[in-house]
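>>> Sequence plus predicted model, see below.
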Amino acid sequence: MNEHDPYEPRDAAVDLSSFDDEFNSAQAASQEEVPDGKYQTRIDSVRLDSSQKGDPMIKWDLQILSGAQAGRHIFKNSVITQASLPYVKGDLKTLGMELAKFSELAGRLEELLDVTLEVTKRTRGDYTNVYFNRRIRIAVAPTGDIPQDGMPF
């Protein structure tokens, strides 16, 4: 049996020429962290996972909607322990989610998608915290773009 070399192109006939102009003018994506500050964001994805220690956690992917960092993402992991439960409950309350039982969360995560909120990102030493300040409403222009006027940030 002849194994395929992973470094050998599978299909040399793939044509990338339609990207040539855009590639030449594209800026390489920054690998730097989003700076500390307040941001208007939208929940791009949210899912349940487990921490390295095996504790359940909520993984948040927040897309920045305005300002110099627009389009970039802030990530937040909410590890769920007895000590952190009041903070997790507070975040869910800020987002407008009331649960009769915490175990209902897994079936209701989709309700949190596209929720817009103001967050604060703060770094102290090696640790970064992302705080959910408040839920916000953002008017979207007919083109689908977010208007630049009237933004508080």
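Arrived safely, thanks for sending. Numbering: from 1, shown residues only.

>>> Report the next helix or strand after the lowest-mean-pLDDT helix or strand in the chain in sequence order.
When each helix and strand of the chain is scored by mean pLDDT, DSSP states H and E, helix 20-25 comes last, with a mean of 80. Next helix or strand after helix 20-25 toward the C-terminus (DSSP states H and E): strand 37-50.

>>> Determine the set of other helices and strands touching the longest helix along the chain.
The single longest helix within the chain, with elements called by DSSP state H, is helix 85-94. Counting contacts by 3 or more Cβ pairs under 8 Å, 6 or more residues apart in numbering; DSSP states H and E, helix 85-94 is packed against strand 73-79, strand 127-135. All C-beta spots, glycine's among them, are computed from the backbone N, C-alpha and C.

>>> Next, format these as JSON lines and append mean pLDDT.
Supplementary listing: the helices and strands packed on helix 85-94 in JSON lines, determined by pLDDT from 0 to 100:
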{"stretch": "strand 73-79", "mean pLDDT": "96"}
{"stretch": "strand 127-135", "mean pLDDT": "96"}
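
>>> Out of those, indicate the one that is most buried.
Each of the helices and strands packed on helix 85-94 was scored by mean neighbour count; the highest is strand 73-79, a mean of 16, by mean count of other Cβ atoms under 10 Å.

>>> I'd like to know how far the residue sitting nearest the centre point of the chain sits from R124.
For the chain, D61 is the residue whose C-alpha lies nearest the centre (Cα atoms, centre = their mean; 1.9 Å). As judged by Cβ to Cβ, to the nearest Å, D61 and R124 stand 22 Å apart.

>>> same check, this time on L117
Counting by Cβ to Cβ, the gap from L117 to R124 is 22 Å.

>>> ok, for R135, nearest residue in space, not its chain neighbours?
Closest residue to R135 apart from its sequence neighbours, by Cβ to Cβ, 6 or more residues apart in numbering: L117 at 5.0 Å.

>>> picking up where we left off before, for L117 and R124, work out which one has more neighbours and name it.
L117 (21 against 8; other Cβ atoms under 10 Å).
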